[in-house]
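>>> Pasting the sequence and the predicted model now:
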Amino acid sequence: MQQSESESPPKRSNRFDPAPEGKRGAFDFEAWEWVNPRCCGLLWGTPENRKWDFVLDRHSQHPERVAPETLERMLAIAKEDDCYDWWAHNGGRYDVCLLLDAVTRIGWEATGHVAGGRVVVMSVKPPGEKRALRLYDSMALVPASLKSAANDFELHARKEFTEDDYSIDVRKWPVKRMEYGCRVDCECVLELVARMESELESQGGCLKATVASATMSVMEAKINLPDSGGWIGANTISRNAYLGGRVEIFHHTPNGILTEFDVCSSYPWSMTQLLPWKNPRDVTDSAVQTLLDSGMGVVRADVDVPDCPVPVLPVNESGVFFPTGLLRGWWHAHELRYAISIGLARVRRLYGGVQYDAGQPFQEFVDTLYEGKRTSKGAKRTVFKLLLNSAYGKFGQQPERENLKVFASDTDAAAFILKSKVNTVRELSEFDPRFLAVTIERWAKHAHFALAGAITAHSRILLHKYLMQAKGLAYCDTDSVHCDEATKFPTGDKLGEMKIEIPRMRATFYAPKLYKLEPLEGDTIFASKGFELDRKDFLRAGKLFDDAVTGQRCERESMTLVKTQLRNGGKASRRQAHRAWSGRSMKRKPFDDGSTRPWRMTELAEKRHLTAMSPATSETTRQAMVARREKK
């Protein structure tokens, strides 16, 4: 049932929902050696009446005073102008860490929600204060660098960006330069959040702390979503069949010329298909067979998968694998049905399942967003893209979450532990008992693991169909296929159709998400998950990539993650991350000539994949990697 876009956006009912424009501010630090603040800019108020404050360590002698003074000024501004919400772009990985350092030193209290090592929202206040300051990371709302987001949204403030040379110590920067840079960043953040809020409200939604939550608010306005509050049993079972995308190397060192194809909006396309929707119910005996034959839901089964180049069914063996042999697990009925229909699965036994009434609730929603993305520019196109890419994630939100708490005193922390449930609280630091991690289990209002899992299963089926048509398969990654240029997929720009990403190239695939593409026209492309590359510096990127694939230690600096910061006593610090590729390629069994085959389930059970070495490494490198691993 659709609702009119002209209706009022949903009210902000969650106490962590951000405040509206005019009741929020932005902040930005500049620091030397990452963790020594030289200054912080504060900007707040309406666009017509911006107010500015600037906290400066003028002589670069007392950086420890900047963050505490910033907190005191934020609180004074909040009380005077009712501005309690403060945003910083990438603040969850940087700026908030500096304020958290100050909180632990001056005896304030803090409660924060962390996801992926990033603070999503954190509340901080002095003990006894009724209202807390709330710190948000606008990168959780718009996941891109501030400069990229400013360009994508065509913000007015983007024209004021300058190329700051961070090779120069900020202690040598003129004060005017620092103040100007901080103000531009703050202007961009406030404008970005306001534009995002405006676009969300035009779609019937409202501003939230994350893009996934914001997307859910739009969906709630347009679609009559089922309330899954009483579905804990069905969700617990369906969670077993919620697995990710397919990432596999079929040939590490292909000789021919390849083409890279991408599926247009694979997951949005999957949302338009028939899905498990309402009324979950347990099924057994003959009803399980009916579910498998024609229904929507999940089934538990023993399945024989014959030897074949590209199996269909995924299993979770500390990662997603697609093996052959005898498999036992939970699968989505439509994915198992597809595997049976093409002769790549035979059911030995069905144990039971959960069936849902089927529906196609997102067809109009996705079509509208996709057409908006295709025909719009600037902020509208970017928001349509963000909504499309985030539209299903909240349905698979894990019920377990961990909040961080900082108390003003040891006594307060001890009292909290005493009144908490057993095994839900742990001390983070051996240095300071005020720092706690609190485990909370709370199912989201619209948690629907069968739905989220069915969407990923539809995308795996679609990708498998393309893999079966490809010639000279080399690599696939969730929604992309790298194969011989002789492959002629029908291409187009509609949902689920293929598009050519790179027409002609040579490639070497060292391991999943670690590869080098060399287009016949254009620059070499390095993919290196886990090994940070400087995309702007081509030569340096190439050097780091070569270091990575030869097993050398790659170093990069970053802020210490928030939990680690508290474990170490609360002081914000930077870390040197050392990474070295192990030389393994585990998703399929590799052979010396670069080819691969699916693992057999017995091999996975024997953990043989854990020692599978990539044939793309040289013999010398391989021996060195093996020796280093054995030494460990």
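That came through, no problem.
>>> CA atoms for contacts and neighbours, from now on please.
Fine.
>>> Show me where the stretch 101-250 of the chain dips below the pLDDT cut-off.
159, 161-167 (pLDDT under 70).
>>> Strands along that one, start to end?
109-115, 118-125, 133-137, 247-249 (DSSP state E, counting those that start in this stretch).
>>> JSON lines for the ones you listed, including mean neighbour count and distance to residue 542?
Output for the strands of the stretch 101-250 of the chain, formatted as JSON lines (neighbours: other C-alpha atoms under 10 Å; distance: least, C-alpha to C-alpha, whole Å):
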{"stretch": "strand 109-115", "mean neighbour count": "20", "distance to residue 542": "31"}
{"stretch": "strand 118-125", "mean neighbour count": "23", "distance to residue 542": "29"}
{"stretch": "strand 133-137", "mean neighbour count": "25", "distance to residue 542": "32"}
{"stretch": "strand 247-249", "mean neighbour count": "25", "distance to residue 542": "22"}
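>>> Next, the contact list for residue 515, please.
507-509, 526-528 (C-alpha atoms under 8 Å, 6 or more residues apart in numbering).
>>> Tell me where the model's unsure across the chain.
1-15, 159, 161-167, 530-541, 620, 625-626, 628-632.
>>> which residue is nearest the middle of it?
residue 116 (7.4 Å; C-alpha atoms, centre = their mean).
>>> Look up how far residue 429 lies from residue 389.
Distance, residue 389 to residue 429, by C-alpha to C-alpha, to the nearest Å: 38 Å.
>>> Over to residue 276?
Residue 276 is 45 Å from residue 429, by C-alpha to C-alpha.
>>> which residue ranges form the helices in the stretch 351-500 of the chain?
363-375, 378-389, 410-419, 449-469 (DSSP state H, counting those that start in this stretch).
>>> how close does residue 55 sit to residue 68?
10 Å.
>>> What of residue 35?
14 Å.
>>> Could you do residue 569 as well?
Taking C-alpha to C-alpha, one finds residue 569 at 17 Å from residue 68.
>>> got the phi/psi numbers for residue 228?
phi -100, psi 20 (degrees, to the nearest 10).
>>> What separation do you get for it and residue 447?
Counting by C-alpha to C-alpha, the gap from residue 228 to residue 447 is 6 Å.
>>> higher neighbour count, those two?
Higher neighbour count among residue 228 and residue 447: residue 447, with 23 against 19, using other C-alpha atoms under 10 Å.
>>> so what's the more buried one up against?
Residue 447 neighbours (C-alpha under 8 Å, 6+ apart): 228-229, 235, 394-397.
>>> of these, closest to residue 193?
Checking the contacts of residue 447 against residue 193 by C-alpha to C-alpha gives residue 394 as the nearest, at 20.9 Å.
>>> what helices or strands is the longest helix along the chain leaning on?
Longest helix of the chain, by residue count under DSSP state H: helix 175-202. Secondary-structure packing of helix 175-202 (3 or more C-alpha pairs under 8 Å, 6 or more residues apart in numbering; DSSP states H and E): strand 24-32, strand 36-44, strand 85-88, helix 146-152, helix 378-389.
>>> Secondary structure and distance to residue 285 for the contacts of residue 515 - can I get that in TSV?
What follows is these, written out as TSV (DSSP: H, G, I helix; E, B strand; the rest coil; distance: C-alpha to C-alpha, whole Å):
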residue	secondary structure	distance to residue 285
507	strand	50
508	strand	49
509	strand	46
526	strand	51
527	strand	48
528	strand	48
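>>> okay, these in TSV with neighbour count and distance to residue 339 next?
Formatted as TSV, the contacts of residue 515 follow (neighbours: other C-alpha atoms under 10 Å; distance: C-alpha to C-alpha, whole Å):
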residue	neighbour count	distance to residue 339
507	25	30
508	19	30
509	26	27
526	20	34
527	16	31
528	20	32
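>>> now for the residues you listed, which pair is the farthest apart?
507 and 528, at 13.8 Å, using C-alpha to C-alpha across those.
>>> With distance to residue 106 added, can I get the contacts of residue 515 in TSV?
Shown next, in TSV, are the contacts of residue 515 (distance: C-alpha to C-alpha, whole Å):
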residue	distance to residue 106
507	55
508	53
509	51
526	45
527	44
528	41
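>>> on that earlier part again, how about the helices and strands packed on helix 175-202, which one is nearest residue 555?
Among those, strand 24-32 sits nearest to residue 555 (C-alpha to C-alpha), with 19.4 Å.
>>> Given that closest one, what are its sheet partners and their directions?
strand 36-44 (antiparallel), strand 85-88 (parallel) (DSSP bridges).
>>> In contact with the residue nearest to residue 514 when sequence neighbours are not counted, which residues?
Leaving aside its chain neighbours, residue 514 sits nearest to residue 528 (4.6 Å; criterion: C-alpha to C-alpha, 6 or more residues apart in numbering). Residues near residue 528 by C-alpha under 8 Å, 6+ apart: 513-515, 545.
>>> who wins for most neighbours among those?
Neighbour-wise, the contacts of residue 528 (other C-alpha under 10 Å) top out at residue 545, 23 neighbours.
>>> Of the helices and strands packed on helix 175-202, which is nearest residue 242?
helix 378-389 (17.6 Å).
>>> quick one: that closest one to helix 175-202, angle?
Comparing the axes of helix 378-389 and helix 175-202 via axes from the mean of the first three to the mean of the last three C-alpha atoms, to 10 degrees yields an angle of 60 degrees.
>>> Residues contacting stretch 321-330, please?
238, 240-241, 246, 298-308, 310-315, 587-588, 598-602.
>>> Ignore what I typed, I meant stretch 178-192.
Residues contacting stretch 178-192 (C-alpha under 8 Å, 6+ apart): 25-30, 39-43, 54, 87-89, 138, 146, 149-150, 153, 155-158, 160-162.
>>> Filter the residues you listed down to the buried ones.
Neighbour-count burial (16 or more other C-alpha atoms under 10 Å) is assigned, among the contacts of stretch 178-192, to 25-30, 39-43, 54, 87-89, 138, 146, 149-150, 153, 155, 157-158.
>>> so what's residue 331 bridging to?
With DSSP bridges as the rule, residue 331 is bridged to residue 299.
>>> got a list of what it touches?
240-241, 298-301, 313.
>>> Weed out the non-buried ones from the contacts of residue 447.
Using 16+ other C-alpha under 10 Å, the buried ones in the contacts of residue 447 are 228, 235, 394-397.
>>> May I see the strands paired with strand 24-32 organised as JSON lines, with distance to residue 335 added?
Putting the strands paired with strand 24-32 into JSON lines (distance: least, C-alpha to C-alpha, whole Å) gives the following:
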{"stretch": "strand 36-44", "distance to residue 335": "52"}
{"stretch": "strand 85-88", "distance to residue 335": "43"}
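>>> and the closest residue to residue 212 other than its chain neighbours, how many neighbours does it have?
Distance criterion C-alpha to C-alpha, 6+ apart; nearest residue to residue 212, sequence neighbours excluded, is residue 390 at 5.3 Å. Residue 390: 19 surrounding residues under other C-alpha under 10 Å.
>>> wouldn't residue 390 be in contact with residue 217 here?
No - with contact defined as C-alpha atoms under 8 Å, residue 390 does not reach residue 217; the gap is 11.5 Å.
>>> all helices in the stretch 501-632 of the chain, in order from the N-terminus.
538-549, 562-567, 601-605, 619-631.
>>> can you tell me how far the spatially closest residue to residue 590 that is not a sequence neighbour sits from residue 545?
Leaving aside its chain neighbours, residue 590 sits nearest to residue 596 (4.4 Å; criterion: C-alpha to C-alpha, 6+ apart). Using C-alpha to C-alpha, residue 596 is found at 23 Å from residue 545.
>>> Same check on residue 415?
51 Å.
>>> Repeat that for residue 520.
For residue 520, the distance to residue 545 - C-alpha to C-alpha - is 20 Å.
>>> repeat for residue 168
26 Å.
>>> go on, residue 140?
28 Å.
>>> do residue 405 as well
Taken as C-alpha to C-alpha, the span from residue 405 to residue 545 is 39 Å.
>>> before we move on, what about residue 177?
Taking C-alpha to C-alpha, one finds residue 177 at 35 Å from residue 545.
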